[in-house]
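In: Provided below are the primary sequence and the corresponding predicted coordinates.
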Amino acid sequence: MTITIAGTTFDHHHYDARGDVLYLNVGEPQAEAWGLETPDGHAIHYDENDAVIGITLLNVRWTLEREGTLTFT
């Protein structure tokens, strides 16, 4: 399964049901060079060339059950 967000395709994923966290990665997970937090509380991970290499989405199931959609800004 792949997921494309804003032109970036994430081909690796892991859902931690206990923590309700979804990890999306471009290729195999790797260490980030830097990252930032979105206004929604999610995290975007970048490599040394400023390319997005991963996204961490928090409270995925809880948000989908409550609101029916997951916003990522």
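Out: Right, received. Where do you want to start? Residues are numbered from 1 along each chain as shown.
In: what residues does stretch 58-66 touch?
Out: Stretch 58-66 is contacted from outside by 15, 17, 20-22, 41-42, 69-70, using Cβ atoms under 8 Å, 6 or more residues apart in numbering. (C-beta placed from N, C-alpha, C; glycine too.)
In: let's have those in CSV, adding pLDDT.
Out: Putting those into CSV (pLDDT from 0 to 100) gives the following:
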residue, pLDDT
Tyr15, 95
Ala17, 97
Asp20, 97
Val21, 97
Leu22, 95
Gly41, 90
His42, 94
Thr69, 90
Leu70, 86
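In: tell me the two of those residues that are most distant?
Out: By the measure Cβ to Cβ, Ala17 and Thr69 form the most distant pair in those, at 19.8 Å.
In: ranges for the helices of this structure?
Out: Using DSSP state H, the helices of the chain run over 60-67.
In: spatially central residue in it, please.
Out: By Cα atoms, centre = their mean, the mean C-alpha position of the chain lies nearest to Ile55, the distance being 2.4 Å.
In: okay, and the helix or strand of this protein with the least pLDDT?
Out: strand 3-5 (a mean of 88; mean pLDDT, DSSP states H and E).
In: the nearest residue to Leu70 once chain neighbours are set aside: neighbour count?
Out: Using Cβ to Cβ, 6 or more residues apart in numbering and skipping the chain neighbours, the partner closest in space to Leu70 is Thr63 (5.3 Å). The tally of other residues near Thr63 (other Cβ atoms under 10 Å) stands at 17.
In: how about Trp62?
Out: Trp62: 10 surrounding residues under other Cβ under 10 Å.
In: any idea how far Phe10 is from it?
Out: Trp62 sits 21 Å away from Phe10, going by Cβ to Cβ, to the nearest Å.
In: one step back: measure the residue nearest to Leu70 to Glu37 for me?
Out: Distance from Thr63 to Glu37, by Cβ to Cβ: 16 Å.
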